[in-house]
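**Q** next one to model:
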Amino acid sequence: MYWGESEGWGIAATQHRDSEPLGRSNFAVIRDDLQSRDPENVTVESARSDFVGWIEFLLVKPDSEAWRIAEEWQARLADYPVADDDHFSETEETESVESIAEFLRSEFAYHEIDYAECAAYVVNAWMESGTRDLPGMTYTGWPKMDRAEDRDLVAAGIRAWRNAKRRAA
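**A** Just a heads-up that it's a prediction; the model follows:
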């Protein structure tokens with residue numbers, strides 16, 4: 001149970017600043033589904049946290065249609081932890097591109113690179129290699145330039161981006 005502004009309502013899902021892409025994707029998919037099907041019995045409340053910066057609660061009113069739908073979601077996720085494969089894939093790729101773009105800005109600050117566009121090529125190289133999980137939005141997910149596999153994947157992405165730019169010119 002939750003004892004904030006909607007005291008007595010149940011927590012259907014949560015997400016916080018450090019949530020992984022799967023958690024953020026599931027939160028968004030479940031929130032959108034509940035809000036489209038029973039909007040008056042669903043709310044999202046936020047709180048600050050000393051541990052994770054911020055946290056959001058997806059709340060549902062007991063004994064409502066939203067509560068029943070939230071229970072269905074919980075049962076479904078117990079069997080397979082992804083609410084929507086396409087949404088999860090898009091979330092993971094988008095966040096990885098953002099993370100890699102920030103990494104490229106920090107590592108190659110004085111190079112003339114379109115960081116966001118180049119990052120998409122780096123993420124593509126990462127996905128095609130199948131050797132590593134995609135880097136996420138936290139610093140711990142960033143590539144390490146002292147690891148050969150990371151250097152190789154970043155270099156492959158930058159090469160692919162440069163080749164694409166040459167072909168387009």
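
**Q** phi and psi next, for the nearest residue to Arg24 once chain neighbours are set aside.
**A** Using CB to CB, 6 or more residues apart in numbering and skipping residues adjacent in sequence, the residue nearest Arg24 is Gln15, 5.4 Å away. Where C-beta positions appear, they are placed from N, C-alpha and C, glycine not excepted. Backbone torsions for Gln15, taken as degrees, to the nearest 10, come to phi -150, psi 150.

**Q** ok, Gln15 - how many residues close by?
**A** 22 (other CB atoms under 10 Å).

**Q** surely it meets Trp54?
**A** No: between Gln15 and Trp54 there is no contact under CB atoms under 8 Å: 9.3 Å.

**Q** ok but Ala12 is inside a helix, no?
**A** No: looking at Ala12 with DSSP: H, G, I helix; E, B strand; the rest coil, it is strand, so not inside a helix.

**Q** wait, what's in contact with it?
**A** The neighbourhood of Ala12, defined by CB atoms under 8 Å, 6 or more residues apart in numbering, consists of Ile30, Leu34, Val42, Leu58, Leu59, Val60, Ala66, Ala70, Trp73, Gln74.
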